[in-house]
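*Asks:* any chance you could fold what I've pasted below:
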Amino acid sequence: MKNIENISTLRLILIGYLWINIPLLLIIFCIAYISSSIFNLTFREGVIVGVVIGWIYWHYSIKFWILWALKSNVKSERLLSVGRSCLLL
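*Replies:* Below is the predicted model of the structure:
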């Protein structure tokens, strides 16, 4: 028998936030702080650089979250609706 795990919506959202949004915010603000203190950029310019690098991180991490959810037998329609409503996609 195949082990079918039914993942709750809360767990799906929490894993998404832990894998995607929290590291993304840390990347943006750490790069903004470092670039403003080391490279003498303004904080606004540092945030722009952080957003660009964070966007690259989001691009790859969202794929890992989707693959994890699909391997955990989450239906793609449910994944899409949860991802959109929680601002992960």
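
*Asks:* residue 16: which element?
*Replies:* helix 9-16 (DSSP states H and E).

*Asks:* for the next helix or strand along the chain from that helix, buried residues please.
*Replies:* Next helix or strand after helix 9-16 toward the C-terminus (DSSP H and E): helix 22-38. For helix 22-38, burial by neighbour count (16 or more other CB atoms under 10 Å) applies to 24, 27, 28, 31, 32, 35, 36. Every C-beta, even on glycine, is put in place using the N, C-alpha and C of the backbone.

*Asks:* would you mind writing the CA trace of helix 22-38 as CSV?
*Replies:* Backbone C-alpha positions of helix 22-38 (Å, rounded to 0.1, in the frame of the first residue of the first chain) are rendered in CSV as follows:
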residue,chain,number,x,y,z
ILE,A,22,10.7,34.3,6.3
PRO,A,23,14.0,33.7,4.6
LEU,A,24,13.0,36.1,1.9
LEU,A,25,12.4,38.9,4.3
LEU,A,26,15.7,38.1,6.1
ILE,A,27,17.6,38.2,2.8
ILE,A,28,16.1,41.6,1.9
PHE,A,29,16.7,43.3,5.2
CYS,A,30,20.2,41.7,5.8
ILE,A,31,21.4,42.7,2.3
ALA,A,32,19.9,46.2,2.8
TYR,A,33,21.7,46.6,6.1
ILE,A,34,25.0,45.1,4.9
SER,A,35,25.0,47.1,1.6
SER,A,36,24.3,50.4,3.4
SER,A,37,27.0,49.8,6.0
ILE,A,38,29.7,48.3,3.9
